[in-house]
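Colleague: predicted model, plus sequence, below.
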Amino acid sequence: MSDQKNLIIAIVVSVAIMLGFQFFVEKPKQDQLREQQAAQQAQSAAPGAIPGATPGAGGSAVPDASGLPALPSLAQQMADQAATRDKALAESPRVKIEGKRLVGSLNLVGGRIDDVVLPEYRETIKPDSNPIHLLSPTGGPSPFYAEFGWTASGATVATPTAQTRWTADRDVLRPGQPVTLSWDNGQGLVFSRRIEIDDNYLFTVTQTVENKTDKALTLFPYALVSRHGTPHTDGLYILHEGPVGVFREKAADGGTLKELSYKDLSDDKAREFDSVGGWIGFTDKYWQTVLVPGVDQAVKARFTHAKPANGGDRYQADYLGGGQQLEAGKTVSSTSLLFAGAKEVKLIDRYEEQHKIAKFELSIDWGWFHFLTKPMFYSIDYLKGVLGNIGLAMLAVTVIVKLLFFPLAYKSYVAMSAMKKLQPEMQKLRERYGEDRAKMQTELMQLYKKEKVNPAAGCLPILLQIPVFFALYKVLYIAIEMRHAPFYGWIHDLSAPDPTSWLNGFGFLPWDVPHLGPLHIISIGVWPIIMGVSMFLQMKMNPQPPDPVQQKIFALMPVVFTFMLGSFAAGLVIYWSWNNTLSILQQYVIMKRMGVKIGGGAEKPEPAAKPKK
């Protein structure tokens, strides 16, 4: 019995340590990183080009060690910083993007997709809050853009660069109304770029080159996503944010997921991958920007980082396609996909099936328990359609999971009760064979066999439940469907912390609670307190452990978790409170069925036999 309790305590303490590490260590690091980013942006506000960028220069690249022409390096990307994003957009001619779910513009200088806004999603729950700006141009803060082009295996062929001025055949890009950009290099090559957008977040970019000369040449198509500045990430172990991709050694392979952090690239060593198809880019918690070459296209993909002289960081995800022989009087073409939008589960799955994108579903970080996490999401999503609120759906799924695991919980309690009855005999064996542990283990096994008790039966059901509840926790944390989702009462955003605080009487006192820095942990709201009370009551339902140290640990856990989870998303705290409440009800039913007194009492004695008359 004590071994089982020690295991349970070890699991709970481990969870507490991990959560505490995230709050007390990682969170301050992330806050410091945000301050450094702001300082870097302010420092680079003065206009200035990255050394190595040569406006008007040809786009032919010097071959790398592999003999293939290199893509435009990060040092060749323009990185002038301006005061505002709007000012940067106004400094170049543009084609408007009017999609059904995204808006923005294409930059005719460089032909970049560098202005993407998601009007359906806003920074906060306020109706007048700014929409999410996913991609942004150079010349403004935190440039983030996609670029497509060609390189040649020679220094005499002029190919489009970031300074090339393209001509568009229409002023607005809409679904069903593609835009074609064109540019003549003056040397007999005509480049065109057809850009299409669907009803959601997917761009299709088809590049074509017409050779009007009498000589053949070889061109290599490329695509890149460049991100300036290190973005803020949650920094939690349960979520990947940063460079990501799936690469296949051959077309028949399923593909291998590669996840890197921004810190991984800080050594300035390129991470290179040979792939057939696949995808590569950057993912955030709720959004992503990734490139998808042709399904059967062999490419050399890579992640790179640079630190220009004017400060900041530059990250790039790109791929270089194989050489295409362009004969005189002929044309060659290459098609790429660009996803720039919200990581909606159903949409990602549909794109994977529709466009045969290898393991595109893994762009959403389902985690180790993918086989549980994703079905858990679809269960919540289905019940949301039935109940009309994702918070209620979450609570309903928790009830279903509890019912499914009730037989295991019952068996666990029965096994723990059987072990408890053997405690006196086990203690005698320990006293008798305390110095001979091998003999003591042998005698214990014989005792278990004689009494038909399995010492692992009490812990195994609990361990089996951990992946399921972790999967539910994961869904609540990563799913964009939880973002800004309302519940009831004062909870208007399940992905944000409880907005109330006892420091202002939970909103009844006429002042706002300022952020208290490290001490802000004490500013807890109603739901964290409910969670702590429910956890305390659940502890009271269990028998008290004999070890005084264990008693103190169990007594402190509700208090520690109350303050630790106070800054977590309200949806997670509500789930935890509801799960505790269901556990109390479940324990009550089990104890009643077994004849155990509520509150950790001993089993009821057998009724005394009636005296014979």
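Modeller: Received the coordinates, thanks.
Colleague: starting at the chain centroid, how far to stretch 314-332?
Modeller: The gap between the average C-alpha position of stretch 314-332 and the chain average comes to 32 Å, counting by CA atoms, centre = their mean, to the nearest Å.
Colleague: quickly find the element holding residue 134.
Modeller: For residue 134, the element it lies in under DSSP states H and E is strand 131-135.
Colleague: direction included, what does that strand pair up with?
Modeller: Looking at strand 131-135 with DSSP bridges, its partner strands are strand 112-122 (antiparallel).
Colleague: wait, residue 138 touches residue 89, no?
Modeller: No. Here residue 138 does not reach residue 89: they are 10.7 Å apart, not a contact under CB atoms under 8 Å. Every residue, glycine included, has its C-beta placed from N, CA and C.
Colleague: the two - which one has more neighbours?
Modeller: Between residue 138 and residue 89, counted using other CB atoms under 10 Å, the more crowded position is residue 138 (26 against 19).
Colleague: can you give me the helices for the chain?
Modeller: Here the chain has its helices, by DSSP state H, at 2-21, 27-43, 85-90, 345-355, 370-387, 390-421, 423-432, 437-451, 460-478, 526-541, 548-564, 570-594.
Colleague: how near is residue 497 to residue 214?
Modeller: For residue 497, the distance to residue 214 (CB to CB, to the nearest Å) stands at 69 Å.
Colleague: so these two - more neighbours on which side?
Modeller: When neighbours are counted by other CB under 10 Å, residue 497 comes out ahead of the other of residue 497 and residue 214, with 21 against 8.
Colleague: run a quick neighbour tally on the closest residue to residue 289 other than its chain neighbours.
Modeller: Leaving out its chain neighbours, the residue that sits closest to residue 289 by CB to CB, 6 or more residues apart in numbering is residue 340, at 4.7 Å. When counting by other CB under 10 Å, one arrives at 25 neighbours for residue 340.
Colleague: domain boundaries for this protein, per the record?
Modeller: Described in terms of automatic domain parsing, the domain architecture of the chain consists of the residue ranges 44-365, 485-601.
Colleague: including mean pLDDT and distance to residue 477, could those go into a markdown table?
Modeller: As requested, those are exported to a markdown table (pLDDT from 0 to 100; distance: least, CB to CB, whole Å):
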| stretch | mean pLDDT | distance to residue 477 |
| --- | --- | --- |
| domain 44-365 | 87 | 6 |
| domain 485-601 | 79 | 7 |
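Colleague: out of these, which is closest to residue 418?
Modeller: Each of the domains of the chain was scored for nearness to residue 418 using CB to CB, and the closest is domain 485-601 (10.8 Å).
Colleague: next one: the closest one to chain centre, how far?
Modeller: Relative to the chain's own centre, domain 485-601 is displaced by 26 Å; criterion: CA atoms, centre = their mean.
Colleague: one more: stretch 425-438?
Modeller: Relative to the mean C-alpha coordinate of its chain, stretch 425-438 is positioned 50 Å out (CA atoms, centre = their mean).
Colleague: pull the strand holding residue 134 out as PDB, backbone CA atoms only.
Modeller: In PDB, the C-alpha atoms belonging to strand 131-135 read as follows (Å, rounded to 0.1, in the frame of the first residue of the first chain):
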ATOM      1  CA  PRO A 131      -7.000  41.300 -36.400                       C
ATOM      2  CA  ILE A 132      -4.100  38.900 -36.600                       C
ATOM      3  CA  HIS A 133      -1.300  40.100 -38.800                       C
ATOM      4  CA  LEU A 134       0.400  36.900 -39.900                       C
ATOM      5  CA  LEU A 135       2.800  38.100 -42.700                       C
END
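Colleague: contacts for it, please.
Modeller: 85, 102, 104, 113-123, 144-146, 287, 289, 340-341 (CB atoms under 8 Å, 6 or more residues apart in numbering).
Colleague: quick one on the thing from earlier: so which of the domains of the chain comes closest to residue 387?
Modeller: It's domain 485-601; of the domains of the chain, that one is closest to residue 387 (CB to CB) at 11.9 Å.
Colleague: what are the boundaries of the strands in the stretch 201-350 of the chain?
Modeller: Under the criterion DSSP state E, counting those that start in this stretch, the stretch 201-350 of the chain carries strands at the ranges 202-211, 217-228, 242-247, 256-259, 271-276, 279-283, 287-292, 298-306, 314-321, 324-326, 331-342.
Colleague: what's the closest of those strands to residue 407?
Modeller: Within these, the stretch nearest residue 407 is strand 256-259; the backing value is 35.8 Å (CB to CB).
Colleague: by contact count, what packs against the closest one?
Modeller: strand 242-247 (3 or more CB pairs under 8 Å, 6 or more residues apart in numbering; DSSP states H and E).
Colleague: from the chain's centre, how far out does the strand it packs on sit?
Modeller: Distance, stretch centre to chain centre, for strand 242-247: 12 Å (CA atoms, centre = their mean).
Colleague: with only the CA atoms kept, save that strand in PDB.
Modeller: Once side chains and other backbone atoms are set aside, the C-alpha atoms of strand 242-247 remain, and they are given as PDB (Å, rounded to 0.1, in the frame of the first residue of the first chain):
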ATOM      1  CA  GLY A 242       9.300  27.200 -34.400                       C
ATOM      2  CA  PRO A 243      10.900  25.600 -37.500                       C
ATOM      3  CA  VAL A 244       9.100  22.500 -38.500                       C
ATOM      4  CA  GLY A 245       8.800  20.200 -41.500                       C
ATOM      5  CA  VAL A 246       8.200  16.700 -42.800                       C
ATOM      6  CA  PHE A 247      10.800  15.200 -45.200                       C
END
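Colleague: could you check the angle the strand holding residue 134 makes with strand 287-292?
Modeller: Using axes from the mean of the first three to the mean of the last three CA atoms, to 10 degrees, the inter-axis angle of strand 131-135 relative to strand 287-292 is 30 degrees.
Colleague: any buried residues in strand 131-135, and which?
Modeller: Using 16 or more other CB atoms under 10 Å as the burial criterion, the residues of strand 131-135 that qualify are 132, 133, 134, 135.
Colleague: name the nearest residue to the third one, ignoring sequence neighbours.
Modeller: This points to residue 134. For residue 134, the closest residue by CB to CB, 6+ apart turns out to be residue 116, at 4.6 Å.
Colleague: partner residues bridging that neighbour?
Modeller: Beta-bridge partners for residue 116, by DSSP bridges, are residue 104, residue 135.
Colleague: isn't it up against residue 99?
Modeller: No. Shown here, residue 116 and residue 99 do not form a contact pair, counting by CB under 8 Å, at 9.0 Å.
Colleague: which of the two has more residues huddled nearby?
Modeller: Counting neighbours by other CB under 10 Å for residue 116 and for residue 99 shows that residue 116 has the greater number, 27 against 22.
Colleague: any idea how far that one lies from residue 288?
Modeller: Between residue 116 and residue 288 the computed distance is 12 Å (CB to CB).
Colleague: try residue 408
Modeller: With distances taken as CB to CB, residue 408 is found 38 Å from residue 288.
Colleague: tally of neighbours for residue 94?
Modeller: Residues lying near residue 94 (other CB under 10 Å) number 19.
Colleague: how near is it to residue 171?
Modeller: Residue 94 is 9 Å from residue 171, where distance means CB to CB.
Colleague: still on that earlier bit, the residue nearest to residue 289 contacts residue 116, doesn't it?
Modeller: Yes. The criterion here is CB under 8 Å, and residue 340 meets it with residue 116 at 5.0 Å.
Colleague: name the residues contacting each of these two.
Modeller: Residues within reach of residue 340 and of residue 116 at once, by CB under 8 Å, 6+ apart, are 102, 134, 135.
Colleague: so which of the residues you listed is the closest to residue 561?
Modeller: When the shared contacts of residue 340 and residue 116 are compared for distance to residue 561 (CB to CB), residue 134 wins out at 35.8 Å.
Colleague: distance check, that closest one against residue 288.
Modeller: Here the criterion is CB to CB. By it, residue 134 lies 9 Å from residue 288.
Colleague: need the residues touching each of those two.
Modeller: Shared contacts of residue 134 and residue 288, defined by CB under 8 Å, 6+ apart, are found at 340, 341.
Colleague: which non-adjacent residue is nearest residue 395?
Modeller: Residue 395's closest residue in space is residue 578 (CB to CB, 6+ apart), at 5.2 Å.
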